[in-house]
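K.L.:
model this:
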Amino acid sequence: MLFPLESALTADPKTVAASGDYDIVIIGAGISGAIIAKQAAEAGKRVLILEAGTGANRTLAGYDDLLTTFYSAASKDNQSPFPLNANAAMPRSPLRKLQAGQTDSSTYIVQSGPYVSDTTYTRIFGGTTMHWEAKTPRLLRSDFKTRTIFGQGLDWPLSFEEIEDDYRLAEREIGVSANVDDQQYLGQTFPGDYVFPMRGLPLSYLDQQVNKGIEGTSVELHGKTYPLKVRPYPQGRNSIPNPAYDGGKGYRPIGAVDTHQVEEGGRCQGNTNCVPLCPVQARYHAGKTLAKAFAVNGKSSERLVELLSQAVASKVNIDPDSGKVRTIEVKVYKDPASAAHETITVKGKVFVLGAGAIETARLMLASGLPSTSGLVGRNLMDHAYLLNWALMPQICGTMRGTSSTGGIVDLRDGPFRERQAAFAIDIHNDGWGWATGAPTSDLLELVDDRNLHGADLRRGVIDRVSRQLLLAFMIEVMPVESNRITVDPQYTDPLGNMRPILSFTVPEYTMKGAAYGRHFARTVFARLGAQDHTYYDPSDFGYVDFEKQGYAIRGGNHLAGTHIMGTTKTNSVVDKNQRSWDHENLYLVGGGSMPTIGTANVTLTLAAMCFRSSRDILKYLH
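P.N.:
Numbers count the residues shown, from 1 in each chain. Here you go, the predicted structure:
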């Protein structure tokens with residue numbers, strides 16, 4: 001995909017500050033901002049995108065620099081490809097265990113104990129889609145009405161039927177690979193003529209081995225029987241375009257983006273480092289949508305879309321008479337290694353905050369805008385992950401395929417949700433890496449503890465790693481007002497912006513799901529003849545005691561809920577179009593608007609929501 005060179009150039013801060021005719025000012029160049037920018041540009045609107053990161057990864061060379069950084073990093077976590085930038089800091093490891101009442105301000109997000117979250121997001125061009133796993137399931141119909149059906153969480157102000165068409169738009173934009181037959185479970189249905197843009201990725205050999213051991217078996221939960229089966233996940237990565245898509249018109253995948261024409265970024269090649277970075281750009285990232293937005297400039301007589309990078313929004317200014325957003329103050333830094341910056345004021349007709357659930361809430365609170373409901377920053381959600389790992393009795397081809405191609409999703413829904421959280425189970429093709437640091441940890445154990453070397457060591461590593469099975473339970477978390485983001489002037493970044501303070505406790509409802517998940521994992525391992533190696537260390541930063549058992553809970557990077565949508569200004573922050581109840585020309589978009597997150601990774605749903613918001617913004621401007 002061509003990213004036009006003249007469009008990719010960073011706008012001049014002084015020119016931006018002097019301009020008063022932007023139709024839309026967007027904070028954040030992630031998927032939310034990218035979709036709204038693209039839709040607005042195609043409608044002929046003038047758009048300014050403010051991006052906190054450097055934007056260096058707009059070019060293929062810049063993207064490849066991130067890959068080089070990742071390959072050379074000793075610790076290959078979610079953020080390892082991305083250079084340190086204190087002016088646009090992001091959550092990073094290491095983390096430490098906290099006691100109740102303790103506060104840790106040594107990392108960007110200030111955390112209060114006892115629970116410590118390792119959730120992350122990425123403040124660079126492309127946002128967190130630069131490191132996402134790219135699973136794209138839809139929410140279930142029941143996920144929109146959990147309060148009504150199960151007496152848990154909150155109901156959405158819109159139904160599945162109202163957002164269904166936008167799900168299709170989001171699936172087209174991302175280029176989802178899936179087969180409809182695989183996704184028709186637990187009441188999910190599709191129109192008879194619908195197919196996904198690309199054919200589904202096949203189950204890995206590991207998936208097939210797990211399925212062989214469990215298919216035809218079932219579990220019972222609260223009096224209901226649930227048959228088990230491994231199903232393929234829908235994926236935001238290129239496979240084979242489906243010729244039947246769009247009434248037989250087919251689908252053209254988007255490869256790598258660059259400032260000159262390149263022929264890279266084709267079909268998924270099965271690398272296992274999808275997280276954090278696909279080496280061939282087969283995986284979708286928001287830069288692909290932004291490339292389309294900037295391509296409009298080449299077709300228009302005027303430059304409709306501008307990007308100002310290294311620009312950190314610091315304050316939203318409100319007109320006291322009308323309640324509308326008047327301007328946004330922006331700190332533009334010259335060098336990531338220096339706090340030197342200039343402050344400019346940006347004007348526009350509509351303002352869109354698309355910086356992610358934590359940063360959008362942080363900016364609103366730092367601007368003194370908690371909303372009429374007082375819910376800005378509250379109801380923070382993120383899927384709770386419980387990892388379970390075992391050694392299969394036979395070679396299963398671990399380390400082949402994308403990070404996760406299939407999983408067990410039969411307990412995403414059911415009457416049991418009145419009492420405990422639902423979950424989806426990812427089968428990880430990359431072994432025990434997330435849980436133990438494998439294969440490095442395996443190599444060290446075989447050398448240090450078993451004194452293996454040479455051919456014996458090679459055989460030992462192969463035998464160990466290729467039999468590893470990791471089941472990652474993605475557990476539902478409901479909104480709780482005390483789980484929140486706040487700010488405090490004593491905690492600031494080098495630019496003087498207040499940093500986010502995270503206070504979070506894993507709800508009892510979720511922990512009941514985790515406890516059952518541990519039991520479920522033992523059952524599956526027994527049916528597979530696999531040796532359970534799961535161990536939760538009490539000194540782990542995410543260790544939680546529940547009903548006399550301990551569990552290590554991990555964050556899912558699926559952040560939501562800090563500016564929830566609802567039916568009135570007293571029970572929510574935004575309406576069902578993600579428009580602020582208090583400020584008619586302000587939209588807070590993305591996962592933060594979601595009242596619940598069910599058991600679906602949030603990206604597809606928030607993308608669908610942003611197509612809906614785009615129409616509302618254009619209607620407002622008209």
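K.L.:
drop to CA atoms for contacts and neighbour counts, all remaining ones
P.N.:
Noted.
K.L.:
Show the subsequent helix or strand relative to the one helix or strand in the chain whose mean pLDDT sits lowest.
P.N.:
Ranked by mean pLDDT, DSSP states H and E, the weakest helix or strand in the chain is helix 5-8, scoring a mean of 48. The helix or strand immediately downstream of helix 5-8 is helix 13-18, counting by DSSP states H and E.
K.L.:
Can you tell me which helices and strands that next one packs against?
P.N.:
The helices and strands touching helix 13-18, judged by 3 or more CA pairs under 8 Å, 6 or more residues apart in numbering; DSSP states H and E, are strand 341-347.
K.L.:
which residues sit against the strand it packs on?
P.N.:
Strand 341-347 is contacted by residues 13-14, 16-17, 19-22, 25, 326-334, 495 when judged by CA atoms under 8 Å, 6 or more residues apart in numbering.
K.L.:
Inside helices: which ones of these?
P.N.:
Using DSSP state H, the members of the contacts of strand 341-347 that fall in helices are 13-14, 16-17.
K.L.:
Return the members of the residues you listed classed as buried.
P.N.:
Taking 16 or more other CA atoms under 10 Å as the criterion, what is buried in the ones in helices among the contacts of strand 341-347 is 13, 16.
K.L.:
Make TSV out of the ones in helices among the contacts of strand 341-347 and add distance to residue 204 and pLDDT.
P.N.:
Compiled in TSV, the ones in helices among the contacts of strand 341-347 are given as follows (distance: CA to CA, whole Å; pLDDT from 0 to 100):
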residue	distance to residue 204	pLDDT
13	49	87
14	53	86
16	50	87
17	52	87
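K.L.:
Out of the ones in helices among the contacts of strand 341-347, which is nearest to residue 533?
P.N.:
residue 13 (55.1 Å; CA to CA).
K.L.:
Stretch 50-68: end-to-end distance?
P.N.:
Stretch 50-68 has an end-to-end distance of 27 Å (criterion: CA to CA, to the nearest Å).
K.L.:
just checking, residue 283 touches residue 253?
P.N.:
No. Here residue 283 does not reach residue 253: they are 10.5 Å apart, not a contact under CA atoms under 8 Å.
K.L.:
More neighbours: which of those two?
P.N.:
Between residue 283 and residue 253, counted using other CA atoms under 10 Å, residue 283 has the larger neighbour count: 30 against 23.
K.L.:
Contact partners for the more buried one?
P.N.:
Contact partners of residue 283, counting by CA under 8 Å, 6+ apart, are 134, 236-238, 268, 274.
K.L.:
Dump those to CSV, plus pLDDT, secondary structure and neighbour count.
P.N.:
Below are those laid out as CSV (pLDDT from 0 to 100; DSSP: H, G, I helix; E, B strand; the rest coil; neighbours: other CA atoms under 10 Å):
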residue, pLDDT, secondary structure, neighbour count
134, 95, coil, 26
236, 97, coil, 27
237, 94, strand, 33
238, 94, coil, 28
268, 86, coil, 20
274, 87, coil, 25
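K.L.:
I'd guessed residue 379 sits against residue 482; true?
P.N.:
Yes. Using CA under 8 Å, residue 379 makes contact with residue 482 at a distance of 6.8 Å.
K.L.:
out of those two, which sits in the busier spot?
P.N.:
residue 379 (25 against 13).
K.L.:
As PDB, could you dump the C-alpha coordinates of stretch 196-214?
P.N.:
The C-alpha coordinates for stretch 196-214 follow below in PDB (Å, rounded to 0.1, in the frame of the first residue of the first chain):
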ATOM      1  CA  PHE A 196     -15.500 -12.800   5.400                       C
ATOM      2  CA  PRO A 197     -13.000 -10.800   3.200                       C
ATOM      3  CA  MET A 198     -10.500 -13.700   3.400                       C
ATOM      4  CA  ARG A 199     -10.700 -17.400   4.000                       C
ATOM      5  CA  GLY A 200     -10.000 -18.600   7.500                       C
ATOM      6  CA  LEU A 201      -6.500 -19.600   8.600                       C
ATOM      7  CA  PRO A 202      -6.200 -23.300   9.200                       C
ATOM      8  CA  LEU A 203      -5.900 -24.800  12.700                       C
ATOM      9  CA  SER A 204      -2.300 -25.500  13.600                       C
ATOM     10  CA  TYR A 205      -1.000 -29.000  14.200                       C
ATOM     11  CA  LEU A 206      -1.000 -28.300  17.900                       C
ATOM     12  CA  ASP A 207      -4.700 -27.200  17.700                       C
ATOM     13  CA  GLN A 208      -5.500 -30.400  15.800                       C
ATOM     14  CA  GLN A 209      -3.800 -32.500  18.500                       C
ATOM     15  CA  VAL A 210      -5.700 -30.800  21.300                       C
ATOM     16  CA  ASN A 211      -9.000 -31.200  19.400                       C
ATOM     17  CA  LYS A 212      -8.300 -34.900  18.800                       C
ATOM     18  CA  GLY A 213      -8.100 -35.300  22.600                       C
ATOM     19  CA  ILE A 214     -11.200 -33.400  23.500                       C
END
